[in-house]
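Student: sequence first, then the predicted structure, then my questions.
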Amino acid sequence: MESEVNQYEYSRDQVQELYEYKSQFDFLLFIRGITIPSATGPQLFRSCMKPFQRDFFEDVAPSLHAIQQGDVPKARRFWLERTKKASKDADLALCIIWLVAFTEQPFLGQVCACDRGQASIIKSRILDILYYNPWLNKYVDVQQNKILSTRYPKVVRTIIEATDSAGGAHGETPDLLILNELVHVVRWETMETHMNNADGTPRGIVIVSTNAGFTGTKAYQWRQTAIDEKQRWKVHIWSDFSPWANKEDIADAKKRNSLSEYRRLWKGVWVSGKGDALDEEDIDRCFRFGHEVLDGPEKGWIYLAAFDLGVSHDHAGITIVGVNEQEQRVRVGYVQGFRPDTITTEGNREVDLSAVEQTCYLLWKTFKVIWFGYDPAAGGSFMAQRLGNRGVPVAKMSFGSGSNLNAMAEAFMKLVKTGSLECYEDVEGRLRADFGKFHIVRSPWGYKLKAVSDETGHADVGTALVIALPKALELIGGLFNVGIGDQEIGVLDDVELTEEQVKAMPKELRDLYDMEDDYNSTSTGRWLDGDED
C-alpha cells in the first residue's frame with residue numbers, strides 16, 4: 001500500500017512539473033490547470049469555467065502570445081463587459097500573471113481604474129491566485145502597486161494605478177493596458193491619455209473592462225464605438241446574472257436597490273440613471289423622434305421656458321419647450337446646463353450667474369417665449385426680478401408649494417407615459433440622463449419628483465423642463481386647472497388629498513400612489529433639483 005501511495009504521489013508531481021513547464025508556452029493550458037478560489041471553494045479552473053469565460057480567453061490568447069513573443073497582435077482591442085460578480089477581475093488577473101511570469105523580454109503592463117479602491121481589486125485577485133498556486137511565486141512577486149517578474153523585475157512588470165492619484169505614468173507606452181471599471185471614471189482626460197499612449201504601441205493591446213453603466217455617458221460612447229468597429233474591437237458582453245451569484249443575495253439586492261440600479265448591476269442593462277420613476281422604454285419613447293436642437297421658432301408653435309438654480313451643488317439648467325396647440329404636441333427645443341466653472345476669490349467653484357441670466361434673455365428674444373418659469377429658491381427670485389425688468393415674462397413656480405410639486409409630477413408623468421413629450425438627444429445626453437434620475441414619491445398632498453445625483457451629474461436640465469410642463473399641458477387642453485395671475489402660477493397652500501381626489505388622478509399616477517410606501521417626512525434631499533439639504 002505504501003508503495004502504491006508513493007507511486008501516486010510521484011505521478012502527481014510529474015504531472016504538475018509537466019504542467020508548469022508547458023504553461024509558459026500555452027496560455028489556455030495554463031488557465032485550465034490553475035486552482036481558483038471558486039464560489040464553492042478551491043477548484044481547478046477547467047472544472048468550473050463557464051462558456052463566456054472560455055470565449056474571452058480563446059479570443060485574447062493569440063494576442064497575449066504575440067506580446068510574449070514580441071510580435072504584433074492581430075487583435076489589439078478588447079471590450080469585456082460583465083454583470084456584478086461575473087469574474088472579470090479574476091480573469092484579467094490570470095492574463096497579467098501569465099505575461100509577467102513567462103515573458104522573457106521587456107514588458108510593461110498597466111491597470112488603470114477610477115480610484116485606489118477599484119484599482120486594487122485586480123491586485124487582490126492576483127494575490128488570491130498566488131496563494132492557491134504557490135508554484136507561481138517562483139515567477140511572480142507583488143510589491144505595493146507593482147506585479148513583478150522574479151527573474152527580470154526591472155523590465156517585466158505591471159503597474160496598477162488610479163486616475164485620481166498624482167502622476168499616473170502618462171508617458172508610458174504599455175504592452176498590455178487594462179482600463180478597469182470604466183463606468184466609474186470621473187477624470188476622463190487620464191483615460192484618454194492612456195488610450196493615446198496605447199495607440200502609439202503597435203505591439204500592445206488594450207482591454208476595457210466594465211459593468212453596464214449609464215446611457216449618454218463617455219463610457220457608453222466608448223462602448224458604442226467598440227460595437228460599431230467590429231474589425232478593430234473584439235467585444236465580449238455577458239448580460240445576465242452571474243452563474244455563481246446566490247439567488248437569495250440577488251433577491252435582497254432587488255429589494256435594496258432601485259429597479260434601474262438592480263437591472264444595471266445584475267442584468268447588464270445600460271440605464272439612463274438611478275431613478276425609477278420611468279423605465280427605459282418610457283425614456284426611449286420620448287427620444288424616438290430624432291429631431292435636433294432648434295435655433296429659432298417654428299411656425300405654429302409657441303414657446304415656454306424655465307430655469308433652475310441649484311442650492312448646495314450650485315448647478316443651473318435652462319430648457320425651451322415648444323407647444324403646438326393645434327397638433328397637441330409638446331416638444332423640447334433647447335436645453336443647456338451650467339456647471340460651477342467660475343473660481344471665486346475664496347477658491348470656491350460657482351456657476352456664472354451672469355451667463356445664465358444672459359442666456360435666458362437671449363432665448364426669450366430668439367424664441368419669443370411667452371412664459372418663463374422659475375423656482376424662487378437659490379437666487380431665482382433675484383434673477384427673475386432682473387429678467388422681468390428687461391421684459392422677460394417670468395412666472396414663479398415655487399417648489400415650496402405642494403400643489404405645484406404635484407402638478408409638475410403629474411404633468412411630467414402624463415406627457416411621458418402617453419408618448420406626448422418629444423425630446424432630442426443633446427450632445428452630452430444630459431436630458432436623457434436627468435430623466436433617469438427621477439424618483440416619484442407620495443407625499444401628504446399628492447406626488448413630487450425627487451432627482452437623485454449620480455455619476456452623470458445633477459438633474460438641473462430635467463428640473464428646468466419639469467417646471468414648464470404644467471403650463472405646457474394646460475395649453476394643449478390638459479386636465480389641470482392652473483391659474484395665471486400677475487406673472488405667478490399656482491402658488492397655493494399645501495392640501496392633503498381626499499379619497500375622491502386620489503381616484504380622480506391619472507391612472508399612471510394612481511398606480512404609483514398605490515405602490516409607494518408611506519411618505520417618510522424625515523427623508524432628506526431637495527425635491528426636483530437633485531441637491532441634498
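Tutor: Done, it's in. Bear in mind the structure is a predicted one, so any value in this text is a computation, not a measurement.

Student: how about Val416: what's its closest non-neighbour residue?
Tutor: Asp282 (5.4 Å; CB to CB, 6 or more residues apart in numbering). Heads up, the C-betas are built off the backbone N, CA and C, glycines and all.

Student: over to that neighbour: give its phi and psi.
Tutor: Torsion angles at Asp282 (phi, psi; degrees, to the nearest 10) stand at phi -60, psi -50.

Student: where does pLDDT dip in the stretch 301-450 of the chain?
Tutor: Within the stretch 301-450 of the chain, the stretches with pLDDT under 70 are 310-314, 342-348, 378, 440, 442-446.

Student: nope, the chain is what I meant
Tutor: Using pLDDT under 70, the chain drops low at 1-10, 164-172, 272-278, 310-314, 342-348, 378, 440, 442-446, 452-458, 478-533.

Student: for the stretch 151-300 of the chain, which segments count as strands?
Tutor: 156-162, 176-180, 205-210, 233-238 (DSSP state E, counting those that start in this stretch).

Student: quickly compare these and say which is most buried.
Tutor: Highest mean neighbour count among the strands of the stretch 151-300 of the chain (mean count of other CB atoms under 10 Å): strand 176-180, with a mean of 24.

Student: after the one helix or strand Leu92 maps to, next one along is what?
Tutor: In this structure, Leu92 sits in helix 88-102 according to DSSP states H and E. Downstream of helix 88-102, the first helix or strand assigned by DSSP H and E is strand 107-113.

Student: direction included, what does that following strand pair up with?
Tutor: The pairing partners recorded for strand 107-113 under DSSP bridges are strand 156-162 (parallel), strand 176-180 (parallel).

Student: so Val356 sits against His315, correct?
Tutor: No. Counting by CB atoms under 8 Å, His315 is not a contact partner of Val356; they are 10.3 Å apart.

Student: quick check: domain ranges of this protein?
Tutor: 50-267, 280-515 (automatic domain parsing).

Student: what about the first one, start to end distance?
Tutor: Terminal residues of domain 50-267 are spaced 17 Å apart (CA to CA, to the nearest Å).

Student: please tell me how far that domain is from the chain's geometric centre.
Tutor: 18 Å (CA atoms, centre = their mean, to the nearest Å).

Student: quick one: end-to-end distance for stretch 70-82.
Tutor: First-to-last residue span, stretch 70-82, CA to CA: 30 Å.

Student: over to Leu304: give its phi and psi.
Tutor: phi -110, psi 160.

Student: what is the neighbour count of it?
Tutor: 27 (other CB atoms under 10 Å).

Student: wouldn't it be in contact with Lys368 here?
Tutor: No. Contact criterion CB under 8 Å: Leu304 and Lys368 do not qualify, at 11.0 Å.

Student: for the closest residue to Tyr334 other than its chain neighbours, grab phi and psi.
Tutor: Counting by CB to CB, 6+ apart, Ile320 is the residue found nearest to Tyr334 once chain neighbours are left out, at 4.0 Å. Here is the backbone geometry of Ile320 (degrees, to the nearest 10): phi -110, psi 130.

Student: so what's the residue count around Ile320?
Tutor: 26.

Student: quick check: bridge partners of it?
Tutor: Applying DSSP bridges, one finds that Ile320 bridges with Ala305, Tyr334.

Student: show me what contacts it?
Tutor: 294, 303-305, 332-335, 363, 367, 369 (CB atoms under 8 Å, 6 or more residues apart in numbering).

Student: between those, which sits nearest Arg76?
Tutor: Val335 (38.1 Å; CB to CB).

Student: quick check, the closest one in contact with Ala468.
Tutor: No. At 11.3 Å, Val335 does not count as touching Ala468 under the criterion of CB under 8 Å.

Student: the two: who's more crowded?
Tutor: Ala468 (29 against 23).

Student: over to that one. Which of the three states is it?
Tutor: helix (DSSP: H, G, I helix; E, B strand; the rest coil).

Student: and the angle from the helix holding Leu92 to strand 233-238?
Tutor: For helix 88-102 against strand 233-238, the angle by axes from the mean of the first three to the mean of the last three CA atoms, to 10 degrees is 130 degrees.

Student: so helix 88-102 versus strand 205-210, what angle?
Tutor: Using the same axes, to 10 degrees: helix 88-102 against strand 205-210 is 160 degrees.

Student: so what touches stretch 467-477?
Tutor: 302, 304-306, 308, 319, 321, 323-325, 328-330, 371, 373-375, 395, 397, 404, 407-408, 410-412, 414-415, 420-421, 478-480, 482, 489-490, 528.

Student: derive a ChimeraX selection command for the buried subset of those.
Tutor: Typed into ChimeraX, the line below selects the buried ones among those, using 16 or more other CB atoms under 10 Å:
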select :302,304,305,306,308,319,321,323,324,329,330,371,373,374,375,395,397,404,407,408,410,411,412,414,415,420,421,478,482,489,490,528
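
Student: in helices only, show me the contacts of stretch 467-477.
Tutor: Using DSSP state H, the subset of the contacts of stretch 467-477 located in helices is 404, 407-408, 410-412, 414-415.

Student: need those residues in TSV (columns: distance to Ala90).
Tutor: Supplementary listing: the ones in helices among the contacts of stretch 467-477 in TSV, determined by distance: CB to CB, whole Å:
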residue	distance to Ala90
Asn404	52
Ala407	52
Met408	47
Glu410	48
Ala411	49
Phe412	43
Lys414	48
Leu415	46
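
Student: greatest separation within those: which pair is it?
Tutor: Asn404 and Leu415 (16.5 Å).

Student: ok, back up a step: quick one: closest of the strands paired with strand 107-113 to Val351.
Tutor: It is, among the strands paired with strand 107-113 and with distance given as CB to CB, strand 156-162, at 29.0 Å.

Student: could I have the closest one exported to PDB, CA atoms only?
Tutor: The C-alpha coordinates for strand 156-162 follow below in PDB (Å, rounded to 0.1, in the frame of the first residue of the first chain):
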ATOM      1  CA  VAL A 156       9.000  42.800 -16.900                       C
ATOM      2  CA  ARG A 157       6.300  44.300 -14.700                       C
ATOM      3  CA  THR A 158       2.700  45.500 -14.400                       C
ATOM      4  CA  ILE A 159       1.800  48.800 -12.700                       C
ATOM      5  CA  ILE A 160      -1.600  49.200 -11.000                       C
ATOM      6  CA  GLU A 161      -2.800  52.900 -10.700                       C
ATOM      7  CA  ALA A 162      -5.800  55.100 -10.100                       C
END
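
Student: can you pull out the residues in contact with that strand?
Tutor: Contacts for strand 156-162 (CB under 8 Å, 6+ apart): 96, 99-100, 103-116, 118-120, 122-123, 145-149, 168-169, 172, 176.
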